[in-house]
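J.: Need coordinates for the following:
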Amino acid sequence: MPLTENEFSLKNTSDFASYLDKCNLEADEIPISYDVTSLFTEVPLDVTFAYIIDQVYNLNKLPHLSSKVIFKRLLNRVTKGVTFSFNDQLYKQVDGCGMGNPLSPVLANIFTTKLEADIVKPYNPPVYVRYVDDCFSKKPKHKPDEFLTQINKYHPNIVFTVEEN
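T.: Reported below is the predicted structural model:
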């Protein structure tokens, strides 16, 4: 799908395993695993919708199904203001994707693809791939993780955690 795939995204766990098998680590490097904390519920919808609108209506990556205004209104309608119940209390989802909403994985993937275009591609780490919200990279053993600092500056909702393997 044009809005969710790029040179960093892997299609399945087999692709991820194959990539890891081929990835060479130098003696002074360690593998790094990044994970977005609560990605679905933290996806900034307005940023994601603006990106989708730009990709569809300005860059023509997908066919236009309606006017830009109606399409944006539909995106808002099916994601924002969704009511859910937790511990017998009703809540209204005001930002982020609701758990269980079938659009949540797609919107999270689109947002992550945008993040990669804006941060990962210009930063150009020696290794970076992603499967869903799990990202893999490598870094020198005894140096701070500058890449983590950069991706964590991208949006206040999005916080990457890191695990050195």
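
J.: The residue positioned nearest the centre of the chain: helix or strand, and which one exactly?
T.: In the chain, the residue lying closest to the centroid (Cα atoms, centre = their mean) is residue 112, at 2.0 Å. In the assignment (DSSP states H and E), residue 112 maps to helix 104-115.

J.: tell me which residues in that helix are buried?
T.: 104, 106, 107, 108, 109, 110, 111, 112, 113, 114, 115 (16 or more other Cβ atoms under 10 Å). C-betas here are computed from N, CA, C, even on glycine.

J.: so for that helix, what's the average pLDDT?
T.: Mean pLDDT, helix 104-115: 95.

J.: Over to stretch 63-74?
T.: 95.

J.: do stretch 121-137 as well
T.: Mean pLDDT, computed over stretch 121-137, is 90.

J.: Which parts of that stretch count as buried, going by neighbours?
T.: Buried residues in stretch 121-137 (16+ other Cβ under 10 Å): 125, 128, 129, 130, 131, 132, 133, 135, 136, 137.

J.: Stretch 87-101 now?
T.: Neighbour counts using 16+ other Cβ under 10 Å place 93, 96, 97, 98, 101 of stretch 87-101 among the buried residues.

J.: Let me see the residues that make contact with it.
T.: Residues outside stretch 87-101 that contact it (Cβ atoms under 8 Å, 6 or more residues apart in numbering) are 40-46, 78-85, 103-104, 107-108, 157.

J.: follow-up on the earlier one: quick one: the residue nearest to the centre of the chain from residue 73, how far?
T.: 24 Å (Cβ to Cβ, to the nearest Å).

J.: Equivalent analysis for residue 1, please.
T.: 22 Å.

J.: Could you spell out the sheet neighbours of the helix or strand where residue 33 lies, each with its direction?
T.: Counting by DSSP H and E, the element that carries residue 33 is strand 29-36. Using DSSP bridges, strand 29-36 pairs in its sheet with strand 134-140 (antiparallel), strand 160-164 (antiparallel).

J.: neighbouring contacts of the helix or strand just after that strand?
T.: Later in the chain than strand 29-36, the nearest helix or strand by DSSP H and E is helix 39-42. For helix 39-42, the external contacting residues (Cβ under 8 Å, 6+ apart) are 36, 96-99, 104-105, 108, 112, 133, 157-159.
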